[in-house]
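J.: what's the 3D shape of this:
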Amino acid sequence: MEIGKDSKFTLSLETAVSIAVTIALVVGMWYSLQAEIELAKELPEPEVSRMEYELKDQMIRDSILNTEEQVDKLEDKVDDIKEDTRMINETLLNMNNQ
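T.: The predicted structure follows:
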């Protein structure tokens, strides 16, 4: 097969068969995937069981309580840092006044 005046393109039988098989596999996979998508669209939506809902709800509540505890600890640390800073400022002012 000639592509241009000075170029030639050769294709062996083995390469042509390999290309054909690859195309057939891709097309087959495409149609298989489309069929699975259509089947999935027809399936009912999964229901969330009461137990699953309660477990997730409890996990969220526990997480919120844990976050509240961490915030309280951080607030205490911030208060301590503020007090330390106030004391340092007072000490520096007293040193400057002397």
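J.: only C-alpha atoms for contact and neighbour calcs from this point on.
T.: Will do.
J.: Residue 91 looks like it's in a strand, true?
T.: No - remark: residue 91 does not belong to a strand; assigned using DSSP: H, G, I helix; E, B strand; the rest coil, it is helix.
J.: Begin at 565, not 1, for the rest of this chat.
T.: Understood, numbering begins at 565; the last thing we discussed is residue 655.
J.: Show the contacting residues for residue 604.
T.: Applying C-alpha atoms under 8 Å, 6 or more residues apart in numbering to residue 604 gives no contacts.
J.: measure it to residue 598 for me?
T.: Residue 604 is 10 Å from residue 598, where distance means C-alpha to C-alpha, to the nearest Å.
J.: Also residue 660?
T.: Distance from residue 660 to residue 598, counting by C-alpha to C-alpha: 81 Å.
J.: which of those two has more neighbours?
T.: Legend: neighbour count by other C-alpha atoms under 10 Å for residue 660 and residue 598, higher for residue 598 (12 against 8).
J.: count of residues packed around residue 595?
T.: What residue 595 shows, counting by other C-alpha under 10 Å, is a neighbour count of 11.
J.: Output the contacting helices and strands for the helix or strand where residue 646 lies.
T.: Following DSSP states H and E, one finds residue 646 within helix 614-661. Helices and strands touching helix 614-661, by 3 or more C-alpha pairs under 8 Å, 6 or more residues apart in numbering; DSSP states H and E: there are none.
J.: any idea of the mean pLDDT for it?
T.: For helix 614-661, mean pLDDT is 92.
J.: same deal with stretch 587-607?
T.: pLDDT averaged over stretch 587-607 gives 94.
J.: mind exporting that stretch as PDB, just the C-alpha atoms?
T.: Provided in PDB are the C-alpha atoms of stretch 587-607 (Å, rounded to 0.1, in the frame of the first residue of the first chain):
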ATOM      1  CA  ILE A 587     -11.000  -3.700  17.700                       C
ATOM      2  CA  ALA A 588     -13.400  -6.600  18.200                       C
ATOM      3  CA  LEU A 589     -12.500  -6.900  21.900                       C
ATOM      4  CA  VAL A 590     -12.900  -3.100  22.500                       C
ATOM      5  CA  VAL A 591     -16.300  -3.100  20.700                       C
ATOM      6  CA  GLY A 592     -17.400  -6.200  22.700                       C
ATOM      7  CA  MET A 593     -16.300  -4.600  26.000                       C
ATOM      8  CA  TRP A 594     -18.200  -1.400  25.100                       C
ATOM      9  CA  TYR A 595     -21.500  -3.200  24.500                       C
ATOM     10  CA  SER A 596     -21.000  -5.300  27.600                       C
ATOM     11  CA  LEU A 597     -20.400  -2.200  29.600                       C
ATOM     12  CA  GLN A 598     -23.500  -0.500  28.100                       C
ATOM     13  CA  ALA A 599     -25.600  -3.500  29.000                       C
ATOM     14  CA  GLU A 600     -24.400  -3.500  32.600                       C
ATOM     15  CA  ILE A 601     -25.100   0.200  32.900                       C
ATOM     16  CA  GLU A 602     -28.700  -0.300  31.700                       C
ATOM     17  CA  LEU A 603     -29.200  -3.200  34.100                       C
ATOM     18  CA  ALA A 604     -27.800  -1.100  37.000                       C
ATOM     19  CA  LYS A 605     -30.300   1.700  36.100                       C
ATOM     20  CA  GLU A 606     -33.200  -0.800  36.500                       C
ATOM     21  CA  LEU A 607     -32.100  -2.100  39.900                       C
END
